[in-house]
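Chemist: below is the sequence, then the predicted model.
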Amino acid sequence: MSTHRRGALIVIEGLDRAGKSTQHARVCQNLRNQGHRVKSMRFPDRTTPIGESIGAYLRGESQQEDHVIHLLFSANRWEAAASIRTAIEDGTTVVIDRYYYSGIVYSAAKGRDDLSLRWAREPEVGLPRPDLCLFLDVSPEVAARRGGFGNEKYETSVMQKRVRELFYELVQLRDGEDIEIVDAGRGIEVVERDIMEKVVRLMAHTKLTRHLRI
Ligand code: DGP
Ligand code: NA
Ligand code: NA
């Protein structure tokens, strides 16, 4: 039996204002401090041509049909898929700020009959599958107390409420995906400790001697 350990694929998901980017940065730093090689990523990756058009859409500078923008977000992940796989096989742990879970729920939250959760999932099937997905959950009240939302497309309380409901639906639907809900309404350090416990457990797990799932 091979004892080669691959890197892990870890995703931090959550609502806007859940403290996702802060916790993402801390997981990366903590893992590096523990001696792991880490590749930090985020989606949308606004630096590619596809990502630039996503950025323009989110800032309200361009219009896109709902299915079209859905497929662009997905394509933005697919254009990075090979580099994720390569890093992991090389023993580097990849930690991503948002991934296809956001992709599925933010589109389905638009409430169109022709854009269901199941439809939204299809273009994402086959992307490298996370070993651990942490969903940072906050109530609309906590999110509002944290200073309200920014000016981008989806940052309204109606949209966030729908997104939250759909994240919960996705947890029920998951096909063996390891989504763990984290109460992100607590203090930063408490949330960080909770997250790191789960991450450390994963890093010691024997599944990291097996190939990444698809
Ligand atoms: P962020 O840079 O993490 O604040 O994300 C930008 C916004 O885009 C945020 O409101 C969540 C949304 N978003 C992220 N990924 C996707 C996706 O794949 N599809 C859709 N429709 N929205 C997404
Ligand atoms: Na945001
Ligand atoms: Na993002």
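Modeler: Happy to help now that I have it. Ligands and ions are numbered 1, 2, ... in the order given.

Chemist: and the strands in this structure?
Modeler: Using DSSP state E, the strands of the chain run over residues 9-14, 38-42, 93-97, 132-137, 179-183.

Chemist: out of these, deepest packed?
Modeler: Most buried of those by mean neighbour count (mean count of other C-beta atoms under 10 Å) is strand 9-14; its value is a mean of 27. For glycine as for every other residue, the C-beta is placed from the backbone atoms N, C-alpha and C.

Chemist: strand 132-137 and that strand, what's the angle between them?
Modeler: Relative orientation of strand 9-14 versus strand 132-137 (axes from the mean of the first three to the mean of the last three C-alpha atoms, to 10 degrees): 10 degrees.

Chemist: and residue 150, how far from residue 79?
Modeler: Separation of residue 150 from residue 79 (C-beta to C-beta, to the nearest Å): 26 Å.

Chemist: how about the residues of this protein by ligand 1?
Modeler: 16, 43-44, 58, 70, 73, 98, 102-103, 106-107, 152, 154 (C-beta under 6 Å from any ligand atom).

Chemist: make a markdown table from the residues you listed and add distance to ligand 3 to it.
Modeler: Below are the residues of the chain next to ligand 1 laid out as a markdown table (distance: C-beta to the ion, whole Å):
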| residue | distance to ligand 3 |
| --- | --- |
| 16 | 10 |
| 43 | 5 |
| 44 | 5 |
| 58 | 10 |
| 70 | 15 |
| 73 | 10 |
| 98 | 4 |
| 102 | 7 |
| 103 | 10 |
| 106 | 11 |
| 107 | 14 |
| 152 | 11 |
| 154 | 11 |
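
Chemist: and these, which two are the farthest apart?
Modeler: 16 and 70 (18.1 Å; C-beta to C-beta).

Chemist: filter the residues of the chain next to ligand 1 down to the buried ones, PyMOL style.
Modeler: Buried subset of the residues of the chain next to ligand 1, written as a PyMOL selection, criterion 16 or more other C-beta atoms under 10 Å:
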select buried, resi 16+43+44+58+70+73+98+102+103+106+107+154
